[in-house]
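>>> sharing a model that was predicted from the sequence below.
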Amino acid sequence: MSMIQRILAENRAEWDEMLVLFQSQNMQARVQRENSTETLHELNVALANLYDRVMPYHGKARAYKDALERLIDRTIKGYNEGKNEAARRSGGIQLCREYVVHYPNSEYVCNLFDLQDDWAFYFEQLDAIVRSIRFKSDAKITNNSLLNLERNLM
C-alpha cells in the first residue's frame, strides 16, 4: 500500500474525535495555584498519560503532512507537458487538484491540496497540544522546586 493509499484509508471521523478528546483532556490538566506532592503527582500522571496518547497521532500526522508536501512538489515539478515553464507548472497544479490514486481494481480521484491542508491542520492542532503539555510539565517542575525550597526553609 502506498503512502497516499494509507492516508486515504485513515478514518477521519476517528481523528476528529481523538483531536476533540485530546484538547479536552489537555484543558482539564491544569497546573494548580496551591501545590502539594499529591497534586503535582496527579498532574504528572495526567500529563504523561496524555503525552503517551497524543504522540503516535502527532507523529503520524506529521509524516502524512510531510509526505503530501513532497508528493505535491514532485507532481508539480515532474509535469512535463506544456510549451513553457508556466504552462507545465499550471498543468502540474491541475494534476494535483485531480490526482488519481490507483488501486488493484479501481481508481480514486482526490485533491492533494485539500488533503495537505487537512493533515497540516491535524498536525498543527496536535503540535499545539504537545507544546502545551511540555509547558505544563515545565511549570510543574518549577512548582515542585518551589515546594522543595519552601520545605527546606522551614
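Right, received. Where do you want to start? Owing to the predicted nature of the structure, the values given are computational and were not obtained by experimental measurement. Numbering: from 1, shown residues only.

>>> from the centroid of this structure, which residue is nearest?
residue 123 (2.2 Å; Cα atoms, centre = their mean).

>>> tell me the contacts of that one?
58, 61-62, 64-65 (Cβ atoms under 8 Å, 6 or more residues apart in numbering). Every residue, glycine included, has its C-beta placed from N, CA and C.

>>> now swap in residue 112 and tell me
68, 71-72, 75, 96-97, 99 are the contacts of residue 112 under Cβ under 8 Å, 6+ apart.

>>> re the thing from before, any figure for the gap between the residue nearest to the centre of the chain and residue 74?
To residue 74, residue 123 is 20 Å away according to Cβ to Cβ, to the nearest Å.

>>> ditto for residue 21
35 Å.

>>> hang on, the earlier thing: for the residue nearest to the centre of the chain, which non-adjacent residue is spatially closest?
residue 61 (4.1 Å; Cβ to Cβ, 6 or more residues apart in numbering).

>>> how about that neighbour, secondary structure?
Judged by DSSP: H, G, I helix; E, B strand; the rest coil, the three-state class of residue 61 is helix.

>>> hmm, back to that, want to throw the contacts of residue 112 into TSV with neighbour count, distance to residue 10 and pLDDT?
As requested, those are exported to TSV (neighbours: other Cβ atoms under 10 Å; distance: Cβ to Cβ, whole Å; pLDDT from 0 to 100):
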residue	neighbour count	distance to residue 10	pLDDT
68	23	12	98
71	19	15	96
72	19	18	96
75	16	20	93
96	22	19	95
97	13	21	97
99	18	16	96
